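Asker: below: sequence and its predicted model.
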Amino acid sequence: MKSAPHIAVVGSANIDLTTFTDRMPRAGETIFGREFNLGFGGKGANQAVAARLCGARVSMIARVGDDLFGPATICDYQARGIDASRVLVTPGVSSGVAPIFVDSSGQNRILVVKGANDRLLPADVDAAGAVLREADCIVMQLEIPLETVYYTLRFARAHGIRTILNPAPGQPVDLGEIANADYVIPNETEAEALCGMPVRNVEEARVCAEGLLERGLRRVIVTLGENGALLAGTDGSRHVPPYRVQPTDTTGAGDAFIGSFACFLASGCEEGEAIARANLYAALSTLAVGTQKSFVTRERFEQEWAKAA
């Protein structure tokens, strides 16, 4: 495999603010929570961290606010060895945040405030052009403006750069625009948002993916959690089985899959092997609580891959 491929992520950076409580307060009521956790998140940032831990050289193109969280986010990238030279501080705007409230039954309620993520515009893509043109693969999600996603896909197509689009969170998109992506990788609910039909198992994923191909998409990978992943292209479709684990927390597993798949594919892995490896990397991320802090190192991954072979 090629060593240290260059992955560029054009996407979101959030701060996750998680409060654990026995119950939710009523209107006008103040109660004590049980526990609080602050962590770095956002789909773009999560995928960048996963790719970096898998051994890729990673550049992040993003915006943060001029609040307390903005400089801390940039420092975290730098500490992880991620190029943050194109992470811009946006005056007068908050960083993206996700206040998360978890009750005693484990149910969560999440509010996402996009903040500076909503200010990442096509002009920022042009400004990062030198970095993007050096990339082996550009990874995107939908927590930034759609016009920026579409522009980046067109930019990459014009310069012959491979692209991966994770259409998350699920929302209406222009299929003609996202057809510029080399890979579109939704989970079941995101696939349903794209194709307008339920996706609950491998066969329904196959029907959905084949329908998306007929509408112009190039290659589709539907991630199916404990059911593995379904790959579809003009050369047919195939199911890549999962690696069975006893999960503790599945939060962030999709981001672990995307970031690791980008790294493995850009490293020279055959497509099916890259998906199988990403399935295992995502499964390993479910063995610990949290998102980025649950992602394993390349060394740990290779140990588990050798056992699974």
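Answerer: Now that the structure is in, tell me what you want to look at.
Asker: pull the helix or strand with minimum mean pLDDT from this protein.
Answerer: strand 108-110 (a mean of 79; mean pLDDT, DSSP states H and E).
Asker: please work out the average pLDDT along the next helix-or-strand element following that strand.
Answerer: Using DSSP states H and E, the helix or strand that follows strand 108-110 towards the C-terminus is helix 122-127. The pLDDT scores in helix 122-127 average 98.
Asker: could you point out which element follows helix 122-127?
Answerer: helix 129-133.
Asker: each with direction, which strands does the least confident helix or strand of the chain pair with?
Answerer: Each strand paired with strand 108-110, and its direction, by DSSP bridges: strand 96-102 (antiparallel).
Asker: check the offset of stretch 140-159 from the chain's centre.
Answerer: Relative to the centre of its chain, stretch 140-159 is centred 14 Å away, using CA atoms, centre = their mean, to the nearest Å.
Asker: pull it out as PDB, backbone CA atoms only.
Answerer: C-alpha atoms of stretch 140-159 as PDB (Å, rounded to 0.1, in the frame of the first residue of the first chain):
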ATOM      1  CA  MET A 140     -17.100  16.100   2.200                       C
ATOM      2  CA  GLN A 141     -20.300  16.000   4.200                       C
ATOM      3  CA  LEU A 142     -23.500  18.100   4.400                       C
ATOM      4  CA  GLU A 143     -22.900  20.100   7.600                       C
ATOM      5  CA  ILE A 144     -21.700  23.000   5.500                       C
ATOM      6  CA  PRO A 145     -23.600  25.000   2.800                       C
ATOM      7  CA  LEU A 146     -24.700  22.800  -0.100                       C
ATOM      8  CA  GLU A 147     -23.400  25.400  -2.600                       C
ATOM      9  CA  THR A 148     -19.900  24.800  -1.100                       C
ATOM     10  CA  VAL A 149     -20.200  21.000  -1.400                       C
ATOM     11  CA  TYR A 150     -21.400  21.200  -5.000                       C
ATOM     12  CA  TYR A 151     -18.600  23.700  -5.900                       C
ATOM     13  CA  THR A 152     -15.900  21.500  -4.300                       C
ATOM     14  CA  LEU A 153     -17.200  18.500  -6.300                       C
ATOM     15  CA  ARG A 154     -17.000  20.400  -9.500                       C
ATOM     16  CA  PHE A 155     -13.500  21.700  -8.500                       C
ATOM     17  CA  ALA A 156     -12.300  18.200  -7.900                       C
ATOM     18  CA  ARG A 157     -13.800  16.900 -11.100                       C
ATOM     19  CA  ALA A 158     -12.100  19.600 -13.100                       C
ATOM     20  CA  HIS A 159      -8.700  18.800 -11.500                       C
END
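Asker: could you pull out the buried residues of it?
Answerer: 140-145, 148-153, 155-156 (16 or more other CB atoms under 10 Å). The way it works is simple: take the backbone N, C-alpha and C, and place the C-beta from them, glycine included.
Asker: likewise for stretch 228-248?
Answerer: If you call a residue buried by 16+ other CB under 10 Å, then stretch 228-248 has these buried ones: 228-233, 237, 239-240, 242-243.
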